[in-house]
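Peer 1: Have a look at this fold, sequence not included:
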């Protein structure tokens, strides 16, 4: 209950502060990389992209989805690769067989990583990445985009909450004794058995993730 009240208060404060923000010193060019984002993941990014344009910034969004709106300050770039096209897939059924899902991931993301830099529009963005003031990456299935952010200013947005594997990949290793894995959650405070289970689940989840997603 306390957490819900705290979040509500923070939202109220942030909304009240928004109107008092000073205008940005200049317009920034921002690149958003969502190479394998579903519509639900892009829906998380759209309010941010829209808000940035309202503050006078320009946004370029790379994905495999059609434009979400007609905002003149958002440039939508479709890389055209359909390896992750799941428009005819029942995601609830797909998650019931996790082993098959990870096997599919191994095929899909290996193919995408091998081909995406061969797409002229993507390669052009990559060559001109230094022209962007900020790069924002969707945390999920976007490992093939990490060359974009080498020596560049960037942030990642995790649409699913804190994820230990993603955090560790970026250099912030979290202790599985108190940080939950991305597969399950245990009652707080953790018992000794729950800590062991969480540690085991973290190892297993990381193994399958690296085997399937990181080729």
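Peer 2: Perfect, thanks for sending it. Here the structure is a predicted model, which is why all the values come from computation and not from measurement. Numbers count the residues shown, from 1 in each chain.

Peer 1: Quick check: nearest residue in space to the residue nearest the centre of the chain, chain neighbours excluded?
Peer 2: For the chain, residue 138 is the residue whose C-alpha lies nearest the centre (CA atoms, centre = their mean; 2.1 Å). Distance criterion CB to CB, 6 or more residues apart in numbering; nearest residue to residue 138, sequence neighbours excluded, is residue 34 at 4.5 Å. From N, CA and C alone the C-beta is placed, and that goes for glycine too.

Peer 1: what about that neighbour, neighbour count?
Peer 2: When neighbours are counted by other CB atoms under 10 Å, residue 34 registers 25.

Peer 1: Return the per-residue confidence for it.
Peer 2: Note on residue 34: pLDDT of 92.

Peer 1: Residue 193 in helix, strand or coil?
Peer 2: helix (DSSP: H, G, I helix; E, B strand; the rest coil).

Peer 1: Quick check: the gap between it and residue 154.
Peer 2: Distance, residue 193 to residue 154, by CB to CB, to the nearest Å: 39 Å.

Peer 1: Kindly report the same for residue 81.
Peer 2: 22 Å.

Peer 1: go on, residue 140?
Peer 2: 16 Å.

Peer 1: Run through who's touching the helix or strand hosting residue 205.
Peer 2: Assigned by DSSP states H and E, residue 205 falls within helix 192-213. Residues from elsewhere that reach helix 192-213 (CB atoms under 8 Å, 6 or more residues apart in numbering): 102-103, 105-106, 109, 141, 143, 164-165, 168, 176-178, 180-184, 186-187, 190.

Peer 1: and what of stretch 47-56?
Peer 2: Contacts of stretch 47-56 (CB under 8 Å, 6+ apart): 21, 23-24, 27, 30, 32, 59, 61, 69, 71, 73-74, 136, 157.

Peer 1: can you do 7 Å?
Peer 2: Residues from elsewhere that reach stretch 47-56, judged by CB atoms under 7 Å, 6 or more residues apart in numbering: 24, 27, 30, 32, 59, 61, 71, 73, 74.

Peer 1: Next up, the contacts around the first one.
Peer 2: Spelled out, that is residue 24. With contacts defined as CB under 7 Å, 6+ apart, residue 24 is in contact with 55, 56.

Peer 1: Confirm it sits in a helix?
Peer 2: No. Looking at residue 24 with three-state DSSP, it is coil, so not inside a helix.
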